[in-house]
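Peer 1: Sequence first, predicted coordinates after that:
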Amino acid sequence: MTDQTPTGQTSTGNGAMPQLNALAQYTKDFSFENPNAPRSLAPQETPPEISIEVNVNVNQIAETDYDVTLVMEGRAGDKANLLFSFELSYGGVFRVANIPADQLHPVIMIECPRMLFPFARQIIADAVRNGGFPPLYIDPIDFVSLYQQKVAETAAAAKKTN
């Protein structure tokens with residue numbers, strides 16, 4: 001049960017406000033490849049197909065602290081005509097407090113990567129630009145849908161093993 005405070009914020013019923021704090025953010029691993037340069041820098045007749053994969057990894061490091069890593073991999077072009085590729089693992093250490101146990105997992109898997117995304121997006125845009133291409137501004141990611149998809153995949157895998 002939650003209660004409304006005078007400021008309109010929601011408390012957990014024990015009087016303590018839910019908290020999610022970013023303690024640190026960092027680049028864990030980053031790679032950018034431009035394997036066909038300078039040939040790949042010539043104007044292209046058609047825009048390349050760009051594919052991007054996103055994943056979220058979580059590691060609990062203390063009772064209330066979590067290391068959350070946003071992993072983004074992408075490429076422009078195909079194997080024969082690869083313009084560029086990148087892999088980024090961008091992490092953050094988050095402290096959570098006063099969040100009900102049934103809401104903890106979604107908060108960590110949705111809100112933490114949502115906070116990390118703008119920084120990871122900028123790192124990728126800058127690297128692509130520094131590689132000689134127009135900056136790649138990745139569209140916002142729906143981390144709720146990504147979380148729901150992961151939960152469904154995990155449930156389907158568990159059903160197969162039973």
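Peer 2: Arrived safely, thanks for sending.
Peer 1: and Asp102, helix, strand or coil?
Peer 2: Three-state assignment for Asp102 (DSSP: H, G, I helix; E, B strand; the rest coil): helix.
Peer 1: burial count for it?
Peer 2: Asp102: 7 surrounding residues under other C-beta atoms under 10 Å. Heads up, the C-betas are built off the backbone N, CA and C, glycines and all.
Peer 1: Roughly how far does it sit from Ile61?
Peer 2: Distance check for Asp102 against Ile61: by C-beta to C-beta, to the nearest Å, it reads 22 Å.
Peer 1: try Tyr26
Peer 2: In this structure, Tyr26 lies at 13 Å from Ile61, with C-beta to C-beta as the measure.
Peer 1: next one: phi and psi at the residue nearest the centre of the chain?
Peer 2: Relative to the mean C-alpha position of the chain, the nearest C-alpha, by C-alpha atoms, centre = their mean, is the one of Leu70, at 3.5 Å. Phi and psi for Leu70, reported as degrees, to the nearest 10, are phi -100, psi 120.
Peer 1: Verify the contact between it and Met109 for me.
Peer 2: No. The pair Leu70 and Met109 does not pass the contact test of C-beta atoms under 8 Å, sitting 10.8 Å apart.
Peer 1: Identify the contacts common to those two.
Peer 2: Taking C-beta atoms under 8 Å, 6 or more residues apart in numbering as the contact rule, Leu70 and Met109 both touch Val56.
Peer 1: Can you tell me the strand partners of the strand or helix carrying Val56 and which way each runs?
Peer 2: The secondary structure element spanning Val56 is strand 50-60 (assigned by DSSP states H and E). Here strand 50-60 is paired, per DSSP bridges, with strand 65-76 (antiparallel).
Peer 1: and the partner strand, how far from the chain's centre?
Peer 2: Between the mean C-alpha location of strand 65-76 and the chain-wide mean there is a distance of 5 Å, by C-alpha atoms, centre = their mean, to the nearest Å.
Peer 1: Flag every buried residue along that strand.
Peer 2: By neighbour count on 16 or more other C-beta atoms under 10 Å, the buried set for strand 65-76 is Tyr66, Asp67, Val68, Thr69, Leu70, Val71, Met72, Gly74, Arg75, Ala76.
Peer 1: Let me know the closest of the residues you listed to Lys159.
Peer 2: Here the nearest of these to Lys159, counting by C-beta to C-beta, is Val71; it sits at 26.0 Å.
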